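Student: Need a 3D model of the following:
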Amino acid sequence: MRNETIQTELTVIGGGLAGMNAAIAAARLGRTVALVHNRPVLGGNSSSEVRVWVCGATAHGTNRYARETGIMGELFVENQYRNPEGNPYFWDLTLLEAVRAESNIQLFLNTDVHEVEAVGEAEDRKIISVTGWMMGSERRIRFESAMFLDCTGDGLVGFLAGAKYRIGREARHEYHEDWAPEVADDITLGSTILFYTKDAGHPVKYVAPSFAKDITKTTIPMKRVIRSGDSGCHYWWIEWGGELDTVHENERIRDELWSVIYGIWDYIKNSGQFDADHMTLEWVGALPGKREFRRFVGDYVLNQNDIIAQRPFEDRIAFGGWSIDLHPPQGMYSTESGSKHLHADGIYHIPFRSLYSANVSNLLFAGRNISASHVAFGTTRVMATCAVIGEAAGTGAALAVQHGVTPRDVYRRHLAELQQTMLRQDASIIGLRSTDELDLARRATVTASGELRQLAVERAAEPLQLAQDAGLLVPVAPELQELELLLDASAPATLEVEVWSTGRGENFVPHKLEVSGTAEVGAGERQWVRVPLGWRPETPQHAFVVVKANDSLTLHLSHEPQTGVLSFIKGQAALVSKDLEDHQPDQPVVQWSMKKLVRKPFCFRLHPETSAFTADKTTDGYLRPYEQPHLWISNALAPGQTASLELQWEQAVTVQEVQLVFNDDVNEDLINLHHHHTAFPIIPELVRDYRLEAMIEEGQWKVVHEEKANRKRKRVHRLDVPVTTDRLRLVVEATNGSPCAEVIEIRVYA
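Tutor: Down below sits the predicted model:
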């Protein structure tokens, strides 16, 4: 046996998406990191060993403009390019390469940490080291660091260090949560094993093992959806163990899940009720995907009321948007719906105080073990949300090391630095504006070769009868005087339109009726009908335009998306049986669905011209839609035509680094194991070819950097030789498919 000691500034235990993102975030800030994982591949429940798809704030397209950015966003976009079919092994490679790209990370796979050295009293503990055993290598490795991050999911490191934690459900009175039980208990969400199937192209027989369960003698067929062509996460409901100890009875839970999987397959193959002659099992998991165990106690415990109220914490450092998604304790054997869902009106915020221990001074955590009640955990537990939490925890840990303080001191004394550091890294914080004094672009006057001023979508591709209310989300800057819609009318009719404000900058649902208007429509096809409205909000913001149902009218959809515009239908039928997923009624984000209308806006014209996409939006400090779209859009480019964005200073500045953030359409729902197909490998709105130029003499532009075939959202260009200039411009030569150049942010550093 070999004994080793590894000394780094941070040790991250757990290589799921939370731990990965934490390690990468800290490494990019110059900290040395040991990333320790007890499995042979990274990704945790998303890896090829378990194969759960990575869900997050988009909630499978329920929330608008909600896909994660930062490191998780990079992984989504990279996987979309490399792995559009959703191969789980290629996802493993995407994650491995992301970690290996960081020279400050030492990666230790197959290393199970089960010893912790900690000192101090119960209320003031400190971790000195953790020790793990590297399986297959006979190496016993001790990790010594200033900061430790428990991203293990089960929370073993924090537990061994003496960190305060909870298991199970809190009583309703503790946080006044409607969805909590009256009396606290030890019930958790259960574990799941998934399986994959395929068509072998020839008859395949199946002989069930002796331990396979006869599911016809259970309650499973009563409330669960079984189809021969389904596999993978369609069977998320194969869940059990919520009434057991999901860690110490892990083997028992695995055996029960296996018995059901092989029993379900016996039912599909041999009951005669399914067309499954050529179907075979391609893969069955051997590792239960756990949903819940310990949740640590931090300086703040996130709860249901924070989620539903979308509380804008002063120390917000991440966001989520998955519903509060809780499952019955009996799992697959329950006669209740497999899950019940409670949605907020949009995304919600997560505070930094929920990411560090209340009593272990150098312990942070990220993932499903953060400081949250059981009910709030019902939404924070999904992996893309765990990932953005990981980036925040890693950033906070890096700053704690840099300043030689505790994570609590980062909150108390360095909160603004934490948030601004994350924004500089393009991390996912909603509604927070950059105030970076080092960013020279903030002092510049910004102009462009052209700006999108007339907001309209005119090319029709698909009719849609107005049998239900329709919705159109548009930016209003500065006012909305009139709206034109392209209509067919089977008979004379009255077109009724309402304009609603959305209530909050992060919400995109109708909240308050502001104005309404009508127009008389004669019978006929392809008519542009103008409706007077007249709304001028105090500040530019989104409007949710409701077009009232009328069976005599037909709208037209375009297949050409327009950034800043979304379309909706109210009251679409549920895509999933209520027996399987019970979404609570009267929730606007559910009532108003865009799922069938993604990238298909209604044909419309907005009057007057808009100022929503002007050049100065690239330095307004916002990285995501919040009240406004917050990006520059050029005029449509003819073949061979360029568009440019220019920064001019009153006095010359020295430029060393330029950071660019391009539009990767955070409304597009990307996923690692594609349960839906995204038609393009690269987001079309992303700028493809561009160059940076500096004015070196009056009238003479010098190319200081040139880029071809870009497919990423954020690019950082550090110039080999600093340039002193009073004018700098970005010249966009081509996009990945969009007719316009679209830029969210430009930053310039000396």
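Student: What are the boundaries of the helices in the stretch 351-500 of the chain?
Tutor: For the stretch 351-500 of the chain, the helices defined by DSSP state H, counting those that start in this stretch occupy 374-380, 383-403, 407-413, 415-424.
Student: The chain too?
Tutor: Secondary structure of the chain (DSSP state H): helices at 17-28, 70-82, 88-100, 156-161, 172-175, 220-223, 250-270, 304-309, 374-380, 383-403, 407-413, 415-424, 588-591.
Student: out of those helices, which comes closest to Met1?
Tutor: Taking C-beta to C-beta, helix 156-161 is the member of the helices of the chain nearest to Met1, at 21.2 Å. Any C-beta I mention is one placed from the backbone N, CA and C, and that applies to glycine too.
Student: by contact count, what packs against that closest one?
Tutor: Contacts defined by 3 or more C-beta pairs under 8 Å, 6 or more residues apart in numbering; DSSP states H and E place helix 156-161 against strand 111-121, strand 124-134, strand 147-150, strand 363-365.
Student: could you give the mean pLDDT of that helix?
Tutor: The average pLDDT within helix 156-161 is 98.
Student: Can you give the distance of it from its chain's centre?
Tutor: With C-alpha atoms, centre = their mean, to the nearest Å as the basis, helix 156-161 stands 28 Å off its chain's centre.
Student: what is the closest residue to Leu452 other than its chain neighbours paired to in the beta sheet?
Tutor: Distance criterion C-beta to C-beta, 6 or more residues apart in numbering; nearest residue to Leu452, sequence neighbours excluded, is Ile633 at 4.1 Å. Ile633 has the following beta-bridge partners by DSSP bridges: Glu742.
Student: if I read this right, Ile633 contacts Pro739, doesn't it?
Tutor: No. Contact between Ile633 and Pro739 fails when scored by C-beta atoms under 8 Å: they sit 9.8 Å apart.
Student: And the two? Which one has more around it.
Tutor: Between Ile633 and Pro739, Ile633 has the larger neighbour count (other C-beta atoms under 10 Å), namely 30 against 17.
Student: quick revisit: just send the helices and strands packed on helix 156-161 back as JSON lines, with distance to Leu10 and mean neighbour count too.
Tutor: Below are those laid out as JSON lines (distance: least, C-beta to C-beta, whole Å; neighbours: other C-beta atoms under 10 Å):
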{"stretch": "strand 111-121", "distance to Leu10": "14", "mean neighbour count": "16"}
{"stretch": "strand 124-134", "distance to Leu10": "12", "mean neighbour count": "19"}
{"stretch": "strand 147-150", "distance to Leu10": "5", "mean neighbour count": "32"}
{"stretch": "strand 363-365", "distance to Leu10": "9", "mean neighbour count": "32"}
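Student: that older thread, a markdown table for the helices of the stretch 351-500 of the chain, including mean neighbour count?
Tutor: Below are these laid out as a markdown table (neighbours: other C-beta atoms under 10 Å):
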| stretch | mean neighbour count |
| --- | --- |
| helix 374-380 | 27 |
| helix 383-403 | 28 |
| helix 407-413 | 19 |
| helix 415-424 | 19 |
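Student: of the helices and strands packed on helix 156-161, which approaches Trp528 most closely?
Tutor: Nearest of these to Trp528, taken as C-beta to C-beta: strand 363-365 at 56.4 Å.
Student: helices and strands around that closest one, which ones?
Tutor: Under the contact criterion of 3+ C-beta pairs under 8 Å, 6+ apart, strand 363-365 touches strand 147-150, helix 156-161, helix 383-403.
Student: Give me the residues contacting the first one.
Tutor: Identification of contacts with strand 147-150 by C-beta atoms under 8 Å, 6 or more residues apart in numbering yields 9-14, 19, 22, 127, 130, 156-158, 161, 163, 296, 362-366, 369, 393-394, 397, 400-401, 407.
Student: Report the central residue of this protein.
Tutor: Nearest to the mean C-alpha position of the chain, by C-alpha atoms, centre = their mean, lies Glu68 at 3.3 Å.
Student: In this model Ala57 seems to touch that one, though I could be wrong.
Tutor: Yes. Because the distance of 6.3 Å satisfies C-beta under 8 Å, Glu68 is recorded as touching Ala57.
Student: any shared contact partners between those two?
Tutor: Common neighbours of Glu68 and Ala57 (C-beta under 8 Å, 6+ apart) are Ala384, Thr385.
Student: Next, format the helices and strands packed on strand 363-365 as JSON lines and append distance to Gln310.
Tutor: JSON lines is the format used below for the helices and strands packed on strand 363-365 (distance: least, C-beta to C-beta, whole Å):
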{"stretch": "strand 147-150", "distance to Gln310": "27"}
{"stretch": "helix 156-161", "distance to Gln310": "28"}
{"stretch": "helix 383-403", "distance to Gln310": "14"}
